[in-house]
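Enquirer: Structure, please.
(chains A and B)
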Amino acid sequence: MTAGVIGRVGRRVGRACVEGVRAWYVVTLAVTGLVSLLAGPLLLAAAVFGPDESRPFAPGGPLILAVPMGPVALWALCWATGGGGRAVGAALFAPGALAVMATHLYGGAPPAGRVGALWLAPSLVVLALFGTRWIAAESRRVVGQWSGRPLPVPYRRPVDAAGPWQRLRSGGWLTDPATWRDLAWALLTGFAVLLTAAVVLLTPVALEVFGRNGPFFPLFIVYGMGFYVAPLAALWAAPPVLRMHEKAARALLGPSRQTELARQVSHLARTRADTIDAGAAELRRIERDLHDGAQARLVALGMLLTVAEQVKHDPDALGPLLAEARTSSVKALSELRDLVRGIHPPVLADRGLADAVEATALDLPLPVTFTGGLPGRAPAPVESAAYFAVSELLANVVKHAGASHVWIEIGHSGGLLRISITDDGRGGADPSRGTGLSGTERRLAAFDGVLAISSPSGGPTIVNLEIPCALSSPKTSSSSGTG
Amino acid sequence: MRVVIAEDLFLLRDGLTRLLEASGMKVTAAVENGEQLLAAVAADRPDIAVVDVRLPPSFTDEGLRAALAARQAHPGLPVLVLSQFVEQLYARELLAGSTGGIGYLLKDRVLDGAQFIDAVQRVAQGGTAMDPEVITRLLTHNSSAGPVSTLSPRERQVLALMAEGRSNAAIAQQLVITERAVAKHTASIFVRLDLQPSDDDNRRVLAVLAYLNNS
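Expert: Here you go, the predicted structure:
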């Protein structure tokens, strides 16, 4: 029992430390970004307003040494939090940090003379812009990794099949609004950290100015006590800070509302085109089936009856003709039945999706375990799409999987209709190869539905199908209906 | 024999009435929806009810539900359900807890008058009439694995006819073999499927259907 308690406490402390390191990384990222962003303007200001002569070497306290350490710390933390090769990006900030330090060390005089500084400043600005892009990418990566919910990348796609000149004209990343949002992000986080640091560091100064015995004295005591528990306070503050950081990152670094709408519009246009194509193909198939099937049978039937009319006084000839006519009508009926099943299965109309899927499962030439059910009816188009998707998947199982058992589960939760089909066949199903699976995927996409396939070679294959929809309340029983 | 018909299409209702009356049955009521069917069954106490699956007002499985309700109100009432489509799911529901007197046929079967009348009579006497299409699908479902796959082609034919509800004599006539040969086949089938042999035709059918349905 003691071991359990210790283990629990240990895990808590461990988690707190991890959050602390993460918060520290986020802070370092922000500060370093801000420093390198300020480097260019600072150098420019030094070149214009700075004194001619640099003052003698005068390090202004140990704080300035932390500035060039920023990129190094960033590299180390990036590497430690799983950045790997991306940690190299931290090198982008080194020139800016060094320039800031140099300006300070020269007492505000331009480090490379006025002309040198004027030449240097623009390249530092460009470098800082690259740096903000790197910071944005890194923030997106860590937020996605830490929260388990990836943050979509909002950049405009480069124009396909265009030369460098066209690409430049169509606007590289400089005209992409997402780049400027990245910049806003770097400035915002940088200033947020700077402000916090200023409040913490300048409080003693303020107290000194306003007098120790003034009304702010109790605050001073709190501040002094706070200093002792600072490491613990940092750990305590880390989780809410990270949560705020994530929220802000999703707002600024994710796709803007406009980009999101544009993405949705293109998605809708594509699925609408697919739906129209599928509908037209389906109509052509029905027309062909009717033309070659039932219609032809009825023509034959009419001809047989005409012949029968001509020989109506000859019973010997009439008998076989009428028998043939009957056979023809039976065949026409059976063809119509098959056609209707393919358009909208009667059991789907009668009973809804769960029973229709179960009925299909009953017709499979292998054992099926069916579980679950739906508390109501899904909208008719969704029912139909889901039914045909399941039929297609089950047909695939029969044709390709070589399975000996199939499990079907159907349910509705969280506004999603979920159907899962598992078989113990040979696996290796790949939607990118078969046209059937990708066709099913496209048809579901019209309803914002998704198809997830897990099919390692050797099986088992698990197909999960999800369609967002609301269920209507179950139909009232027949007794309450009025004839 | 007294019959109640429930069918919403006038032409078919009329045709069925004529067909049944031509073979000496008396149609006491021909109604067009489920509620009227329940009322007619309660009033006339027929020997059999012939019911279409799709009936107003919902045009879904109204007839099936009415048939099941009628059987619940009058246990043992023979019911023959007709449909444009046959579904195993519905066959299973009709057979659930059944003691016989159940039929489930495609409407097409009406075209073969003699066979249809035979089915009506069989069901009215407490027998069973399952559409061959239902049986074919049941057999396909069981074909790949299990004891059914060990049956010989002839035995599968016999099993299919037996499941439809035919007696040994009818099976012999259909397959052009002797009744003794049929009896031999059925005995062998019952051993293979591990079922209790029975002389009663109907119990035999129900056992086979239950076996096919549950596997």
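Enquirer: Tell me which residues touch A:Leu44, please.
Expert: A:117-118, A:121 (CB atoms under 8 Å, 6 or more residues apart in numbering or on different chains). Every C-beta, even on glycine, is put in place using the N, C-alpha and C of the backbone.
Enquirer: That one and A:Leu118, how far apart?
Expert: Going from A:Leu44 to A:Leu118 by CB to CB, to the nearest Å gives 7 Å.
Enquirer: So which residues of chain B form helices?
Expert: B:10-22, B:34-44, B:62-73, B:88-95, B:113-124, B:132-143, B:153-164, B:168-175, B:179-193, B:201-214 (DSSP state H).
Enquirer: how near is the nearest residue to B:Thr60 once chain neighbours are set aside to B:Leu55?
Expert: For B:Thr60, ignoring the flanking residues on the chain, the nearest one in space by CB to CB, 6 or more residues apart in numbering or on different chains is A:Asp350 at 3.9 Å. Separation of A:Asp350 from B:Leu55 (CB to CB) stands at 11 Å.
Enquirer: so for stretch A:410-422, what's the average pLDDT?
Expert: Computed over stretch A:410-422, the mean pLDDT rounds to 92.
Enquirer: Just the buried positions in that stretch, please.
Expert: Across stretch A:410-422, burial judged by 16 or more other CB atoms under 10 Å in any protein chain shown covers A:410, A:412, A:417-422.
Enquirer: Domain ranges for chain B, per the record?
Expert: Structurally, chain B divides into domains by automatic domain parsing as follows: B:2-129, B:134-214.
Enquirer: Identify the residues contacting B:His185.
Expert: Here B:His185 is in contact with B:154-155, B:158 (CB under 8 Å, 6+ apart).
Enquirer: Tell me the pLDDT of the nearest residue to B:Phe190 once chain neighbours are set aside.
Expert: Closest residue in space to B:Phe190, ignoring its immediate chain neighbours: B:Pro197 at 4.7 Å, by CB to CB, 6+ apart. Note on B:Pro197: pLDDT of 74.
Enquirer: coming back round to it: may I ask which of the contacts of B:His185 has the most neighbours?
Expert: B:Val158 (27 neighbours; other CB atoms under 10 Å in any protein chain shown).
Enquirer: Of all the helices of chain B, which one is nearest A:Arg272?
Expert: Minimum separation from A:Arg272 across the helices of chain B (CB to CB) falls at helix B:88-95, 34.9 Å.
Enquirer: quick check, distance from that closest one to the centre of its chain.
Expert: Offset of helix B:88-95 from its chain centre (CA atoms, centre = their mean, to the nearest Å): 10 Å.
Enquirer: Could you report the distance from the residue nearest to B:Thr60 to A:His344?
Expert: Where A:His344 is concerned, A:Asp350 sits at a distance of 11 Å (CB to CB).
Enquirer: Contacts only, for A:Pro204.
Expert: A:220, A:223.
Enquirer: one more time with 10 Å, if that's ok
Expert: A:220, A:223-224, A:227 (CB atoms under 10 Å, 6 or more residues apart in numbering or on different chains).
Enquirer: confidence score at the residue nearest to B:Glu62 when sequence neighbours are not counted?
Expert: Leaving aside its sequence neighbours, B:Glu62 sits nearest to B:Leu55 (CB to CB, 6+ apart; 4.1 Å). In this model, B:Leu55 is scored at 88, pLDDT.
Enquirer: With the one 4 residues further on instead?
Expert: If you check B:Phe59, the pLDDT there is 83.
Enquirer: Please look at it and B:Asp8 and confirm they touch.
Expert: Yes - taking contacts as CB atoms under 10 Å, B:Phe59 lies within contact range of B:Asp8: 8.0 Å.
Enquirer: Now do the contacts for A:Ser391.
Expert: Applying CB under 10 Å, 6+ apart, the residues near A:Ser391 are A:341-342, A:345, A:356-357, A:360, A:363, A:440.
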